[in-house]
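1. coords please:
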Amino acid sequence: MSTDGIVKIRDVKVPGETYTIRGWVYRKRIHGKATFIVLRDETGVLQCVHHPNLNPQVQIPENLGIESSVKITGLAKEDKRAPGGIELEITGFELIGPSHMFPITKDQSVEVLLDNRHLWIRSRKLTQIMQVKAEVVRAAREWFYENGYTETFPPILVGSACEGGATLFSLKYFDRMAYLSQSAQLYLEALIFALGDVYSITPSFRAEKSRTVRHLTEYWHIEAECPFKGLEEIMQVQEHLFSYICKTVAEKMPDAISSLGRDPDYLLSIRPPFKRITYDEAVKIVQEKGIDMRPGTDFGAPAERALSNHFDRPFFIYRYPEEIKPFYVKRDPDNPGYVLSADLMAPEGYGEMTTGGAREEDLDNIIERVKAEGFDPADYQWYLDLRRYGSVPHSGFGLGTERLVWWLLKLDHIRDACAFPRVLNRVTP
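-> Just a heads-up that it's a prediction; the model follows:
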C-alpha cells in the first residue's frame, strides 16, 4: 500500500474492506440505474459499480469516456460474475483526466493499431507482453550475475561493420561516416581481456529489407563473450541461460503466460541439454521434407520453418559452411570448409533465436577473412590488435530479446514483442 492509502488493483482482495484505487476506464456500461466501470491499471482490471440509491453523494459524469483517468474509493464485495470474483461498490469518485472519443474501437485493422500504437499499448495484451519482456530481461541479468559475468556497455555508434555492409544503417558523424551498431560483439571481445566473462543488453540495428513476421530493423540484443571457451562450452552457456529464462518467467508470470496462449508447464519442461544436429544433418531433414535447398547455402524462410517444425524443443544447428558465416567465426580444424558456429533454434516454426560460436583468434586467418568479405583491414585495426597482444581462444553469442518473447508467448508477429516496433515501412510513432 502507498503512503496515501491508494492500492493497486491486484491488492483488492478482501470482501468487506474499503479500498482506494487509481486507473483508467477500460469499459463502461449502464444497466438500469447502476453504472458499471471496469477500471484498469498495470496490475489488472477490476469491476466497480455505482448504485445511486446506495451512494447518492457520488456523481459519475454521464460523458465519462473510455481511457478517462479516475480515482475510485469503494467497498469490496464478492461477485463471481466480476473479473477476479471481486467487485467494488463505489463510495467515492474523482475524475483526474477526461478522455475524448477514443480512436481505437473493436476490430480495427492492423495498420490503424500500428498508427495508434502510443494508445494501443494500453491494451491488456500488449501490457502483459511488455511485462513478460521485462521479466525476460531481468531473468537474463540474474542468470549472468549468478554465473559471474560482468555487465558492460558497448557503443551504439560505430565506425565499422560487424555482420555485413548490406545491412548497415549509415549516418553522418561530423566529418566522417559512422553506423548504427549491428552487434556489440566486437567490443565484447575486447572487454574479455580485462573483465573475463562479459555480457551486454543493447539495441542493435539491421537494415534488412524484409517484410517477414520475424524481422525487425531495431531490436534489443542480449550478447555474451567468454575467454577460454570453445563451441561446445558456449552452447552449454546458451542452453542454461535460455532454460533459466523460460523457467523464471513461467514461475513468476503463469497467468500472463497462459492468457497470451502458452502453457507455463511447457516452458518449465525446457531443460538442458538441447539436441544438437550438424548443418549437413539439418539440410538432409529439410530436403526430406520436399524443400529445395542446395548444400552450402543458408536456410531460407521455408527451410528454417520446416526444420523448426520438425522439433518440439529448442535445438542447436552447428558446424556451418565457412562461406555463409562472418569473418570472425573460427574455422573448424577437423572439417575443412566449415566453421565452429552454432545457431539455437526454437521449435514450432519460430526458428533462429541465437547465433554464436568460437571466434577466430589467429591474426593471419582473420585478416584473410576480412579481405575476402570486401572490408578494409585498416577499419579493424583496433579489433586486429586483440589478436596481436595476448590472443586467446574465446567464444560468444547473441540472443534477440524480441525473438525470444515472440516464441515464448506464441505471438503471430514479432512486432507485438515491441512497444514501438521498427520495421521496413514504419518508424513512427
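
2. okay, CA-based contacts and neighbour counts for the rest of this
-> Will do.

3. now the end-to-end length of stretch 75-82.
-> End-to-end distance for stretch 75-82: 14 Å, by C-alpha to C-alpha, to the nearest Å.

4. list of residues touching that stretch?
-> The contact list for stretch 75-82 (C-alpha atoms under 8 Å, 6 or more residues apart in numbering) reads 12-19, 46-47, 85-91.

5. which of these are buried?
-> 12, 13, 18, 19, 46, 47, 86, 87, 88, 89, 90, 91 (16 or more other C-alpha atoms under 10 Å).

6. which among these gets closest to residue 429?
-> residue 46 (29.8 Å; C-alpha to C-alpha).

7. do I have it right that residue 409 meets residue 264?
-> No - using C-alpha atoms under 8 Å, residue 409 is not in contact with residue 264; the gap is 9.8 Å.

8. residues shared between the contacts of those two?
-> residue 257.

9. returning to that earlier point: show me which pair in the buried ones among the contacts of stretch 75-82 is furthest apart.
-> With C-alpha to C-alpha as the measure, no two of those lie farther apart than 13 and 91, at 17.2 Å.

10. the strands in the stretch 151-300 of the chain, which residues?
-> For the stretch 151-300 of the chain, the strands defined by DSSP state E, counting those that start in this stretch occupy 157-158, 170-173, 176-180, 198-205, 218-227, 275-278.

11. the domain parsing of the chain - what is it?
-> Listed domain ranges for the chain are 6-97, 117-417 (source: automatic domain parsing).

12. can I get those domains in JSON lines with mean pLDDT and distance to residue 106?
-> As requested, the domains of the chain are arranged in JSON lines below (pLDDT from 0 to 100; distance: least, C-alpha to C-alpha, whole Å):
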{"stretch": "domain 6-97", "mean pLDDT": "95", "distance to residue 106": "12"}
{"stretch": "domain 117-417", "mean pLDDT": "96", "distance to residue 106": "12"}
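
13. got the confidence number for residue 421?
-> Here the pLDDT value assigned to residue 421 is 97.

14. tell me who's in contact with it.
-> Contacts for residue 421 (C-alpha under 8 Å, 6+ apart) come out as 216, 218, 415, 427.

15. just the buried ones among the contacts of stretch 75-82 now: which is nearest residue 183?
-> Residue 183 has its nearest neighbour among these in residue 46, at 43.1 Å by C-alpha to C-alpha.

16. can you list the strands that the strand or helix carrying the closest one pairs with?
-> If you go by DSSP states H and E, residue 46 is part of strand 44-50. Strand pairing for strand 44-50, determined by DSSP bridges: strand 34-41 (antiparallel), strand 86-97 (parallel).
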